[in-house]
Each structure stands twice: as structure tokens, then as C-alpha cells.
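> Give me a model of this one.
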Amino acid sequence: VDEMVAAYSSRARRIRERLTAIPGIDFVNPGGAFYFLINPGELGLSGDDFTSRLLDEYAVALVPGSGFGRSASDHARMTFAAPDAEIDEGIERISRFAESVR
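Next up is the predicted model:
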């Protein structure tokens with residue numbers, strides 16, 4: 001269990017640093033879960049549009065926040081329970097997508 005906690009903490013820290021560096025992307029830090037809520041509002045996109053376009057254009061699957069209630073509807077949910085290499089590739093693609101939208 002200690003190894004898993006350390007791995008998730010490391011992933012969350014790395015994701016936080018990388019998402020912070022992407023202009024137009026804001027996010028909610030995870031409290032006790034293993035996902036981030038990404039807010040693409042500064043890109044002029046709703047959570048639904050962001051997730052749909054990200055999947056269609058960059059093959060990155062995030063979950064629209066609208067499925068988690070009104071307070072999350074402008075967000076997208078990104079897990080960090082995936083392998084490190086997949087997370088790194090996904091964030092790189094999110095960064096390229098955000099750049100293409102701005």
C-alpha cells in the first residue's frame with residue numbers, strides 16, 4: 001500500500017506541474033481521489049466540447065465533467081491511475097491541443 005500511495009503522489013505532483021504549464025488550462029487538485037478536474041474555460045470550450053474534440057483530434061479520452069453533476073459540468077475528468085508513460089503522452093497531447101485552440 002505504501003508503494004501505491006507513493007506512486008500516486010508522485011504522479012499527481014508531476015501532472016500538477018505539467019498542467020500548470022499549459023496556458024488556458026486550469027484544474028482542481030485532487031483531494032482524496034485519483035483524478036484531476038480540468039477546466040478548459042479559458043480556451044473557450046465547455047467540458048463536453050473539450051473532451052469530444054480532444055478525443056477526435058488527439059486520441060485522448062477524458063470523461064466529461066457533466067456526468068458528475070452541475071458543479072463539474074465545465075470540466076473534464078482525468079485519472080492518474082494509468083501507467084506513467086500513458087499519462088505523460090496524454091498530457092503532451094493535451095498541451096498540443098490547447099496550443100492549437102488558442
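> make it CA atoms for all contacts and neighbour counts henceforth
Will do.
> Which parts of this protein are strands?
Counting by DSSP state E, the chain has strands at residues 26-28, 35-39, 63-64, 76-79.
> any chance of the ones you listed in CSV, plus mean pLDDT and mean neighbour count?
Putting these into CSV (pLDDT from 0 to 100; neighbours: other Cα atoms under 10 Å) gives the following:
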stretch, mean pLDDT, mean neighbour count
strand 26-28, 91, 16
strand 35-39, 91, 21
strand 63-64, 93, 21
strand 76-79, 92, 22
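> Redo the ones you listed as JSON lines? Include distance to E3.
Putting the strands of the chain into JSON lines (distance: least, Cα to Cα, whole Å) gives the following:
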{"stretch": "strand 26-28", "distance to E3": "24"}
{"stretch": "strand 35-39", "distance to E3": "18"}
{"stretch": "strand 63-64", "distance to E3": "27"}
{"stretch": "strand 76-79", "distance to E3": "18"}
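> nearest to D49, of those?
strand 63-64 (8.5 Å; Cα to Cα).
> Now do the contacts for the residue most central in space within the chain.
Computing the C-alpha centroid of the chain and ranking residues by Cα atoms, centre = their mean puts M78 first, at 4.0 Å. M78 makes contact with 35-38, 62-63, according to Cα atoms under 8 Å, 6 or more residues apart in numbering.
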